[in-house]
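Novice: test case, fold it:
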Amino acid sequence: MNTVILGIVGWQELLVIGLILLLFFGGTKIPELMRSLGRGVKEFKEGMNEVTNMDTEPKKEPKREEVKEDSKEEK
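Specialist: Residues are numbered from 1 along each chain as shown. The predicted model follows:
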């Protein structure tokens, strides 16, 4: 999917987008924005990995000893 988007957007369009961002946010704010965007993407990927790991990992049933201890604590 990324190659399709990059195939449509040329270097001229990216340059214009970059200049518009520079005008709107200024040179000092852009690194902070990119850092925040990178953190957001990282958290999204970690969340997706957690979801896929939850689906693929077999569920572990508690041992009999653990179940007995839990029932004693509830009383």
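
Novice: quick check: residue 48 vs residue 27, distance?
Specialist: 33 Å (C-beta to C-beta, to the nearest Å). C-beta: built from backbone N, CA, C; applies to glycine.

Novice: nope, residue 44 is what I was after
Specialist: With C-beta to C-beta as the criterion, residue 44 and residue 27 are 27 Å apart.

Novice: swap in residue 36?
Specialist: 16 Å.

Novice: give me the more crowded residue out of those two.
Specialist: Neighbour count, other C-beta atoms under 10 Å: between residue 36 and residue 27, residue 36 has more, with 10 against 7.

Novice: ranges for the helices of this structure?
Specialist: Secondary structure of the chain (DSSP state H): helices at 2-8, 11-25, 30-56, 64-74.

Novice: elements contacting the second one?
Specialist: Spelled out, it's helix 11-25. Helix 11-25 sits against helix 30-56, with contacts defined as 3 or more C-beta pairs under 8 Å, 6 or more residues apart in numbering; DSSP states H and E.

Novice: for the helix it packs on, packing partners?
Specialist: Using 3+ C-beta pairs under 8 Å, 6+ apart: helix 30-56 touches helix 11-25.

Novice: tilt between the helix it packs on and helix 30-56?
Specialist: 110 degrees (axes from the mean of the first three to the mean of the last three C-alpha atoms, to 10 degrees).

Novice: let me know the average pLDDT across helix 11-25.
Specialist: For helix 11-25, the mean pLDDT works out to 87.
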